[in-house]
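J.: sequence first, then the predicted structure, then my questions.
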Amino acid sequence: MSLIVQKFGGSSVANAERLYNAASRVIETYRQGNSVVVVVSAQGDTTDELIEKAREINPNPSKREMDMLLSTGEQISIALLAMAIEKEGYPVISLTGYQAGITSDSNYGNAKIKNIDTERVFRELDRKNIVVVAGFQAWNKFEDITTLGRGGSDTTAVALAAALKADLCEIYTDVDGVYTADPRIVKNASKLPDISYDEMLELASLGAIVLHNRSVEMAKKYNVNLVVRSSFTRDPGTIVKEVGSVEKMLVRGVTRDSNIARVAVIGLEDKPGVAFKLFSLLAKENINVDLIIQSIGRDDTKDISFTIAKSNLDKTLEILNKNLDFVGAKEVKYSDKYSKVSVVGAGIMNNAGVAAKMFEALYEVGINIHMITTSEIKISVLVDIQDAEMAVNAVHEKFKLDQVRG
Ligand code: ADP
Ligand code: ASP
Ligand code: MG
């Protein structure tokens, strides 16, 4: 007998038929003699619709009230899935994040799970119940509901799997597994039979929304057996594990992230300490900076441009405009019309040619690169947002990722 955590994403529980389908996969696992904990997301586009509803009332709601609202989507799903399982005659109980003992910090809207008190879940499992837990939500020291950031139900599932010491964590979604690129953008993307935690973490952090990046971080930390598979087919899916078997592969995948903005700080003094002043202001507010370019100094001034998550744009502009004198800058400009396109692969660090090949692919389709950054296992470039899909396709083709075999 094993303890298995199964997570069903929004599209896998979008309507009655799909709820029954999810219920039948849960029941199948339970009937094989396993203890089953199920994590569900809000149905279909519910979370987006709730965000829209909030906007109609107040374009600038507090994060606390936003979390109160957004967490309701998952509460609907857990009750409905439990009812579908009940209808088939199996013992089941639904639990909110709070009831499942999931606590987080107080960063509303993007909270981090701090602890899971597993007592209640284990008690229900001991009673032979199938336990259905609301994804994406937790509660904090103020006894408020928090949410874990968009896509956060994956993290609920992996965190529960780690805390319960589950034998397996299955992420059921609307694709057969992890592909070499988003199959919605690249028609001939290949499914990867397995991928390492590190590569998956990069893909997820660079725009492959198939797994929430914090779920991968957590899976690596606690060595969770993780698999991504389809709710609708019997495909075995993609195993995410310590080391991928296709180690020869230079590049594993290509991603696009359009959720970014570029900020340019103009007319900085060309002297030591300026970058330090600028970026420590942002670090203090927990704003992560990604690609950075500093221009060559002229007339004793220089410019620094960098990218941030789009959701941090307003805050960044506010901080910088308030501190123009402090950092010694003339003005701040910004644009959110860019995308970051990246290649990821553990083989990149030992191969000088990867960057050149990526740039060649972009040159061949006439795409201009605005910024570049590299690390041991990834290369990212900033391109115009309308070029991003073409860029992903061109790079995918250049590295012949349509020909990956398991
Ligand atoms: P869920 O609602 O099940 O959590 P998501 O929409 O969050 O599903 O994630 C699944 C989607 O991720 C797929 O429909 C696919 O378009 C997208 N995706 C992006 N990059 C990849 C990739 N490399 N492999 C597979 N899917 C990807
Ligand atoms: N419902 C949440 C969202 O849409 C969490 C999730 O789907 O994982 O972001
Ligand atoms: Mg998701």
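T.: Structure received. Ligands and ions are numbered 1, 2, ... in the order given.
J.: so N321 makes contact with Y334?
T.: No: N321 is beyond contact range of Y334, at 10.6 Å (criterion: CB atoms under 8 Å). C-beta coordinates here come from the backbone N, C-alpha and C atoms, glycine included.
J.: of those two, who's got more company?
T.: Y334 (16 against 11; other CB atoms under 10 Å).
J.: wait, is I239 part of a helix?
T.: No: judged by DSSP: H, G, I helix; E, B strand; the rest coil, I239 forms no part of a helix; its state is strand.
J.: quick check: chain neighbours aside, which residue is closest to it?
T.: D194 (4.3 Å; CB to CB, 6 or more residues apart in numbering).
J.: count of neighbours near that neighbour?
T.: 19.
J.: which pLDDT value does the model give it?
T.: Listed pLDDT for D194 reads 93.
J.: again, but for the one 10 residues further on
T.: Predicted confidence (pLDDT) at A204: the value is 97.
J.: just to revisit the earlier point, my read is that the residue nearest to I239 contacts P236, right?
T.: No: D194 lies out of contact with P236 (CB under 8 Å); the separation is 10.1 Å.
J.: what's the distance between E56 and E65?
T.: Going from E56 to E65 by CB to CB, to the nearest Å gives 14 Å.
J.: out of the two, which sits in the busier spot?
T.: E65 (14 against 7).
J.: check contacts around that one.
T.: A54 (CB atoms under 8 Å, 6 or more residues apart in numbering).
J.: up against ligand 1, what does the stretch 151-300 of the chain have?
T.: Neighbours of ligand 1 within the stretch 151-300 of the chain, by CB under 6 Å from any ligand atom: 151, 173-175, 178-179, 181-184, 203, 208-210, 253.
J.: in helices, which of those residues appear?
T.: L203 (DSSP state H).
J.: just the closest of the residues of the stretch 151-300 of the chain next to ligand 1 to ligand 2, please.
T.: When these are ranked by distance to ligand 2 (CB to the nearest ligand atom), G151 comes first, at 4.5 Å.
J.: so that closest one touches V216, yeah?
T.: No: in this structure, G151 is not within contact of V216 by CB under 8 Å, at 11.2 Å.
J.: so which of these two has more stuff around it?
T.: V216 (26 against 21).
J.: look up how far E56 lies from that one.
T.: V216 is 35 Å from E56, by CB to CB.
J.: cool, and V132?
T.: 31 Å.
J.: also Y197?
T.: Distance from Y197 to E56, by CB to CB: 41 Å.
J.: list the contacts of D176.
T.: Contacts of D176 (CB under 8 Å, 6+ apart): 191, 229-230, 233, 235, 237.
J.: just the element for E143, please.
T.: Assigned by DSSP states H and E, E143 falls within no helix or strand.
J.: tell me the pLDDT at the residue lying farthest from the centre of the chain?
T.: What lies farthest from the middle of the chain is D299; by CA atoms, centre = their mean that is 42.9 Å. In this model, D299 is scored at 81, pLDDT.
J.: go on, D48?
T.: So D48 comes in at 98 (pLDDT).
J.: next up, phi/psi of it, please.
T.: phi -60, psi -40 (degrees, to the nearest 10).
J.: now the strands for the stretch 1-150 of the chain?
T.: 3-8, 35-40, 92-95, 102-104, 113-116, 130-134, 137-139, 145-147 (DSSP state E, counting those that start in this stretch).
J.: okay, the ones you listed in JSON lines with mean neighbour count next?
T.: As requested, these are exported to JSON lines (neighbours: other CB atoms under 10 Å):
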{"stretch": "strand 3-8", "mean neighbour count": "25"}
{"stretch": "strand 35-40", "mean neighbour count": "29"}
{"stretch": "strand 92-95", "mean neighbour count": "22"}
{"stretch": "strand 102-104", "mean neighbour count": "24"}
{"stretch": "strand 113-116", "mean neighbour count": "17"}
{"stretch": "strand 130-134", "mean neighbour count": "29"}
{"stretch": "strand 137-139", "mean neighbour count": "27"}
{"stretch": "strand 145-147", "mean neighbour count": "27"}
